[in-house]
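Peer 1: build me a model:
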Amino acid sequence: MKKLMTIMIIIGLLSLLMTGCGNQTATNDNMENNKNESTTTATENTDSYKKLVVALLPDESPATVIKNNEPLKKYLEKTLNREIELVVTTDYSSMIESMRKGHIDVGYFGPLSYVLLKQKMDGVIPFAAKLDKGEPTYHAVVIAGADTGINNLEDIKGKIVAFGDVASTSSHLIPKEMLKSQGGLTAGEDYEEQFVGAHDAVAMAVQNGNAQAGGLSKPIFDSLIEKGVISSNKVKEVKISKPYPNYPWVMRADLPTEIQEDIKGAFFDLKDKDILKALKADGFAPITDEDYDIIRDMVNILGINLEEMK
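Peer 2: Numbers count the residues shown, from 1 in each chain. Below you'll find the predicted structure:
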């Protein structure tokens, strides 16, 4: 009887040990399966971005912007090993809305349009600002017709001033702040403002006499003079602004980390002079959201309501 009891106890212990081993094996198998599923999901997330939509600033005619940046498209396709679609929206506001709706993966924004975007969409990351003469800053310029008699900002009183897009930094916000703080002039009271859409349109409006003065990006104005689009005999510089943080490249925060890092590397490693010339840049440097607080401060000084800027 004692032998029988001993045998039954031994059998029971062996059963328990075998069950434990079986459960441990099942647990290990499940862990391995979960690991494989996790790896597969990450791979699928990355591979799902076979095409990236890259938006460029509508600061000149869309056809010109797309044509000038074809080398950038080819560079990004080769570097990122993905199809790249370049787009230029009709204006800054539609560019902001397109990114909010997920139609744009990477965008080249003006400082003010970026601030507007960030206010409406927190899930975006500014990662690179273009370098101009080695610095991640740039200038705006107030111009005037050569025969208008305008020699300083105060002379613009009573005149028509052309701006680009209402959400443009260097073709609206900065020149308007210059006119107010340095010239003592307020839009609607001391001068008439006209929004003509793009930087090149501002310069053309002044050259053709449709406006006596205007504000735009200094690098773009210099480029228009260099190309012969604008004549230095017909248009002159009145005042150049102090430096401001340059145009930021922005990406969606929900892009896979691997793709985000690849995109950053592509811009920081960009050395092709033809590509950089089209972007009016010497290269690109890291940038953060805090760098654009100076733009937010300017908005407050001018009393601009960002919610009303469409």
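
Peer 1: hmm, residue 248 is touching residue 115, no?
Peer 2: No. With contacts counted by CB atoms under 8 Å, residue 248 stays clear of residue 115, the gap being 9.9 Å. Every residue, glycine included, has its C-beta placed from N, CA and C.

Peer 1: got any ranges where the chain has weak pLDDT?
Peer 2: Where the chain drops to pLDDT under 70, the residues are 1-46, 308-310.

Peer 1: what ranges does it have for its strands?
Peer 2: Taking DSSP state E as the criterion, the chain carries its strands at 51-55, 83-87, 106-108, 124-131, 137-138, 140-145, 160-163, 192-195, 213-217, 235-240, 244-245, 248-252, 283-286.

Peer 1: list the buried residues for the first one?
Peer 2: Taking 16 or more other CB atoms under 10 Å as the neighbour-count basis, strand 51-55 is seen to contain the buried residues 52-55.

Peer 1: tally of neighbours for residue 79?
Peer 2: 16 (other CB atoms under 10 Å).

Peer 1: same check on residue 206?
Peer 2: Residue 206 has 29 neighbours, counted by other CB under 10 Å.

Peer 1: and stretch 280-299, how far out from the chain middle?
Peer 2: Relative to its chain's centre, stretch 280-299 lies at 10 Å (CA atoms, centre = their mean, to the nearest Å).

Peer 1: give me the distance between the two termini of that stretch.
Peer 2: End-to-end distance for stretch 280-299, by CA to CA, to the nearest Å: 26 Å.

Peer 1: adjust the sequence numbering to begin at 884 for everything that follows.
Peer 2: Sure, I'll start numbering at 884, so the last one becomes stretch 1163-1182.

Peer 1: list the buried residues of that stretch.
Peer 2: Along stretch 1163-1182, these residues count as buried under the neighbour rule (16+ other CB under 10 Å): 1163-1167, 1170, 1174-1175, 1178, 1181-1182.

Peer 1: what is the nearest of those residues to residue 1142?
Peer 2: Comparing the buried residues of stretch 1163-1182 against residue 1142 with CB to CB places residue 1167 closest, at 17.3 Å.

Peer 1: what's the closest non-adjacent residue to the closest one?
Peer 2: residue 1011 (4.1 Å; CB to CB, 6 or more residues apart in numbering).

Peer 1: is that neighbour bridged to anything, and to what?
Peer 2: Beta-bridge pairing of residue 1011 under DSSP bridges involves residue 1132, residue 1169.

Peer 1: about what we covered before: what's the farthest-apart pair in the buried residues of strand 934-938?
Peer 2: So, the buried residues of strand 934-938 by CB to CB: farthest apart are 935 and 938, at 10.5 Å.

Peer 1: what is in contact with the two at once?
Peer 2: With contacts taken as CB atoms under 8 Å, 6 or more residues apart in numbering, residue 935 and residue 938 have residue 989 as neighbours in common.

Peer 1: so who does residue 972 touch?
Peer 2: 938, 941, 978, 981.

Peer 1: so what's the residue count around the third one?
Peer 2: Same thing as residue 978. Neighbour tally, residue 978, other CB under 10 Å: 28.

Peer 1: residue contacts, it?
Peer 2: Residue 978 is in contact with 938, 940-941, 972, 987, 990, 992, 996, counting by CB under 8 Å, 6+ apart.

Peer 1: gap between it and residue 1131?
Peer 2: According to CB to CB, to the nearest Å, residue 978 and residue 1131 sit 13 Å apart.
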